[in-house]
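Chemist: Structure here, sequence nowhere to be found:
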């Protein structure tokens, strides 16, 4: 029987406890992340994420033994990586963003590609005269000695973006404390409520996402406007469109349009309300509400006195009566005409 150390058993128990405790479990790759940088990132995210760097075999065994959650689809991410487990209750997308945004800088290594143009700035260095002068000259730096220290005389572009960093350049950059390489944990997969989210799904631009939502909202409003679907979001634009169409139609039909004094009065009141202070706006609204109530009562009384409907006018009634009389006379005249006999009579 194979002997298993007490330390491994305790570690396995701890991993299983964390898997049961947290809602979201992620596997990250530490292949390109130096231990010092890992520690710095862990310190930044200590309050939101719990890290566990452990052996692959223990991770696989913990996944197999925890039956409450099916984490089997995380196993492939353990291959060809130096894995670490991250435990959190954050949303998967927010967790990915936290990991991606928390990066540190590291010295360049020979053979790496420069992430940007790397320039060594002119100025004093901490070095005293010695072999270092030759090393600085080997990468094209002009130097002099001032007050016992080596001084770089001119700025020098030592490697362009996407070019391979040569050993001598990497050595000088490290000695000068230049750390041009951004390093972060690489998220391989995140488990949440039975779903595995891959990096390709999680790595979306927040700005692009917001712009897509804005575009969808705009297109939805345009569609609603085209089909005449009314909602609180588009009713104003629909009324404006209807008003403009009415103006075009009245122009085509050569109809006369007039602005009533009441309409002009309402426009003036609206303008006054917009230009007034908040407390004054409240008073104006209360006054208008009272006036509208009085007008409503007056209109009801007028309706009763003038035939039972709003907008009643004497001339309209006379015109309607004349049309009805003409139609009746025409009908009587048609009835009095002698009926023509057919050839069969």
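Modeler: Alright, I've got the coordinates. Since this is a predicted model, take the numbers as computed values, not measurements.
Chemist: check contacts around residue 21.
Modeler: Going by C-beta atoms under 8 Å, 6 or more residues apart in numbering, residue 21 touches residue 87. C-beta coordinates here come from the backbone N, C-alpha and C atoms, glycine included.
Chemist: can you do 10 Å?
Modeler: Applying C-beta atoms under 10 Å, 6 or more residues apart in numbering to residue 21 gives the contacts 50, 87, 89.
Chemist: One more: residue 96?
Modeler: Contacts for residue 96 (C-beta under 10 Å, 6+ apart) come out as 26, 90, 187, 190, 197, 199, 201-204.
Chemist: tell me which element residue 210 is part of?
Modeler: helix 206-227 (DSSP states H and E).
Chemist: Show me what that helix is in contact with.
Modeler: With C-beta under 10 Å, 6+ apart, helix 206-227 has contacts from 93, 97, 204-205, 229-231, 233-235, 237-238, 241.
Chemist: Next: stretch 151-170.
Modeler: 107-125, 127, 135-136, 138-146, 172-173, 176, 178, 180-181.
Chemist: Just the ones in strands from those, please.
Modeler: 118-120, 123-124, 143-146, 181 (DSSP state E).
Chemist: quick one: least confident of those?
Modeler: pLDDT across those is lowest for residue 181, at 85.
Chemist: Contact partners for the nearest residue to that one once chain neighbours are set aside?
Modeler: Leaving out its chain neighbours, the residue that sits closest to residue 181 by C-beta to C-beta, 6 or more residues apart in numbering is residue 106, at 4.8 Å. Listed by C-beta under 10 Å, 6+ apart, the contact set of residue 106 reads 32-34, 36-37, 112, 174, 179-183.
Chemist: Okay, and which of those residues map to helices?
Modeler: 36-37, 174 (DSSP state H).
Chemist: out of those, which are buried?
Modeler: Among the ones in helices among the contacts of residue 106, those classed as buried by 16 or more other C-beta atoms under 10 Å are residue 37.
Chemist: now, which of the ones in helices among the contacts of residue 106 sits nearest residue 56?
Modeler: For the ones in helices among the contacts of residue 106, the residue nearest residue 56 by C-beta to C-beta is residue 37; the value is 21.5 Å.
Chemist: that older thread, and the contacts of helix 206-227, which of them are buried?
Modeler: Here, 16+ other C-beta under 10 Å leaves 93, 97, 234 buried among the contacts of helix 206-227.
Chemist: Using JSON lines, please lay out the residues you listed together with pLDDT and distance to residue 64.
Modeler: Listed next are the buried ones among the contacts of helix 206-227 as JSON lines, based on pLDDT from 0 to 100; distance: C-beta to C-beta, whole Å:
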{"residue": "93", "pLDDT": "90", "distance to residue 64": "28"}
{"residue": "97", "pLDDT": "89", "distance to residue 64": "31"}
{"residue": "234", "pLDDT": "78", "distance to residue 64": "55"}
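Chemist: Go through the residues you listed and flag which are in helices.
Modeler: Counting by DSSP H, the part of the buried ones among the contacts of helix 206-227 found in helices is 93, 97.
Chemist: got the buried ones among the contacts of helix 206-227 as CSV, with distance to residue 250 columns?
Modeler: Shown next, in CSV, are the buried ones among the contacts of helix 206-227 (distance: C-beta to C-beta, whole Å):
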residue, distance to residue 250
93, 54
97, 56
234, 24
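Chemist: Just name the closest of the buried ones among the contacts of helix 206-227 to residue 46, please.
Modeler: Once C-beta to C-beta is applied, the member of the buried ones among the contacts of helix 206-227 that ends up nearest residue 46 is residue 97, at 17.2 Å.
Chemist: can you pull the contacts of that closest one?
Modeler: Residue 97 makes contact with 90-91, 202-204, 206, according to C-beta under 10 Å, 6+ apart.
Chemist: Write the ChimeraX selection for whichever of the contacts of residue 96 are buried.
Modeler: In ChimeraX, a selection of the buried entries from the contacts of residue 96 looks like this (16+ other C-beta under 10 Å):
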select :26,90,187,190,197,202
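Chemist: So which of the contacts of residue 96 belong to helices?
Modeler: Mapping the contacts of residue 96 onto helices (DSSP H) picks out 199, 201-202.
Chemist: Just send the residues you listed back as TSV, with pLDDT and distance to residue 161 too.
Modeler: TSV is the format used below for these (pLDDT from 0 to 100; distance: C-beta to C-beta, whole Å):
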residue	pLDDT	distance to residue 161
199	86	24
201	86	29
202	86	27
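Chemist: For the stretch 1-150 of the chain, which segments are assigned as helices?
Modeler: Per DSSP state H, counting those that start in this stretch, the stretch 1-150 of the chain carries helices over the ranges 6-21, 35-44, 56-65, 92-101, 132-138.
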